[in-house]
Each structure stands twice: as structure tokens, then as C-alpha cells.
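Novice: Structure for this input, please:
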Amino acid sequence: MTARYIDIKNSLKQAILNKEYRVGDKIPSERELAVRFEVTRVTLQKAMHMLEQEGFIERIHGKGMFVTKVIEDNVYLLNNGTSDSILGFSREFKDNVKVSSRLISLKTRKAGEYIASQLDIDEKDDVHYIRRVRLVDNIPVLIEDSYIPCAMIDIIPESVLQNGSLYEYIENKTGRKIKFYNSVIEASLFDDTLSALLESETGLPMLKVSGITKLEDGKTFNYSISYNRADKFKIKNSWVGK
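Specialist: Sure, this is the predicted structure:
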């Protein structure tokens, strides 16, 4: 059974897509919507937070919630919202779609000069090298390479990489939240190797995202590169001035 707040989110999202609420329209308050859907404010707020994360509404302090530019229904957002923890791909999208992984490689190797510089370790230190294809509703949408210091995480089970959340595993393993993520996003094209993994044509556009992720104590634990299908992902950046 789908959680009630997801049903509400989907109902309001469909109303926006059907232009019952148009771009720039103010939508009813959380109090009004809670009464309409016969739920608590807490449940309603979860639904509205998801709509905000997905780019369908924005909150303007002191004024209310407004419809923003409508995003295609089959496109997912990078840099999407905030949480008390960096979610990672599996946890970020699990409430909306079926997320799964296909493990391509899991091995131990020396960091080397460049990876060591990203992880703040010695180039002779061992790291886990992980390559996975990530799927949304069984469709391959991105390839992700991760480098994690073995000194920080000694064992990473294949079952976690194929059926679970790596970030959730790391939080449980270290007892610390994942709090910091810095990334660089570049436009590029899929080569023959990457296209084969995604079962797509060579030369299609991609969003290449390189990022460093840290625990709440500031310790870098992951350097990753993801190769995202540009027809499936868009970038969301938000800035609020004083």
C-alpha cells in the first residue's frame, strides 16, 4: 500500500500537470489541504516537501506556496532538496519509483595520486572501487563509479550494492550521518563502453557529475563519478537571498 503522503503528492502533481494549477498560481495553504485530504498537517507537509523537491512548487516566506515551471513527468532532478542526511541515489528516489542496481565491478585497488588527492589519503592506500548501473523502473539511467577508503569501510557486501543503499550501510557502519557533498557537473557524450552498459546508442548526451562526500565529522569517505542520461536528469539549484 502506498503511503498516504505519496498519494497526496501524486494527486497535487497531477493537478499541476493537468493545469488545474498553472505556473505562478498560489495553491491552497497546508491547513486547507490537510482538511481537504483529511490528514494531519505532518502528513500533508511530507507531501508538500516532496513536491518542492521535485520542482513543482516553491515556498515564498510570508506569502505561501506557488506553482513553478512544470517539469516533465519522466525526468528526475539532480541536486534535489535537503535532508538531515545526504540521501544517495537509492534513498532519494525510492518513494517515487522502483530503484535497483546492477553491480559491474567491486574490487580493491591502490588509490593512486588523483583518487588519493580527492579522498585526502596516501596514494598507496587501498580503496574499494565500485562500478554500478543504476536503474529506475528497470530502465538503466546512469553509471556510477565510487572510490571508498578501505581503512574507513573495511567490507562492502555485494548484497548492499545490488539490493540496498550504500549510504545507509555506511551510516550504520560508522555510526555517523553523511552531511556534506560537493560536486562538479559537466556536459559530455556517452562513449561505446558506457553506452553498452546503458543499452543505448553511442554519442547520446550525458551529465557527468564528480563529487566528494563527507561524514558529519568532516571526514571524506567517497569520491564518485556518475554518468547520467541527459534525457532522464535535469539539474536543480536553489538560492534564497536575504
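
Novice: so after the lowest-mean-pLDDT helix or strand in the chain, what's the next helix or strand?
Specialist: Ranked by mean pLDDT, DSSP states H and E, the weakest helix or strand in the chain is helix 88-93, scoring a mean of 51. The C-terminal neighbour of helix 88-93 among helices and strands, as given by DSSP states H and E, is strand 99-110.

Novice: Determine the set of other helices and strands touching whichever helix or strand comes after that next one.
Specialist: Note on strand 99-110: by DSSP H and E, the next helix or strand toward the C-terminus is helix 112-119. Secondary-structure packing of helix 112-119 (3 or more CB pairs under 8 Å, 6 or more residues apart in numbering; DSSP states H and E): strand 139-149, strand 220-229. C-beta here means a position set from N, CA and C on the backbone, and glycine is covered the same way.

Novice: wait, what's in contact with D145?
Specialist: Shown in contact with D145 (CB atoms under 8 Å, 6 or more residues apart in numbering): 129-131, 224-226.

Novice: per-residue confidence for L87?
Specialist: Listed pLDDT for L87 reads 47.

Novice: How is this structure partitioned into domains?
Specialist: 4-67, 76-235 (automatic domain parsing).

Novice: so where does H49 fall, helix or strand?
Specialist: helix 41-53.

Novice: For that helix, buried residues please.
Specialist: Residues 44, 46-53 are the ones in helix 41-53 that count as buried (16 or more other CB atoms under 10 Å).

Novice: Give the next helix or strand downstream of it.
Specialist: strand 57-60.

Novice: Which secondary structure elements does that next one sit against?
Specialist: helix 41-53, strand 64-67.

Novice: now F56: how far from V67?
Specialist: When distance is defined by CB to CB, to the nearest Å, F56 is 7 Å away from V67.

Novice: Same question for L119.
Specialist: 42 Å.

Novice: where does this protein dip in pLDDT?
Specialist: Low-confidence segments of the chain (pLDDT under 70): 1-2, 69-97, 234-242.

Novice: please redo it, this time with the cut-off set to 80
Specialist: Along the chain, the parts satisfying pLDDT under 80 run over 1-2, 53-55, 69-99, 232-242.

Novice: how many neighbours does C150 have?
Specialist: By the criterion of other CB atoms under 10 Å, C150 has 16 neighbours.

Novice: which one is it nearest to, not counting chain neighbours?
Specialist: Once flanking residues are discounted, C150 sits nearest to D126: 4.1 Å by CB to CB, 6 or more residues apart in numbering.

Novice: Look up the residues forming beta bridges with that neighbour.
Specialist: K110 (DSSP bridges).

Novice: show me what contacts it?
Specialist: 108-111, 149-151 are the contacts of D126 under CB under 8 Å, 6+ apart.
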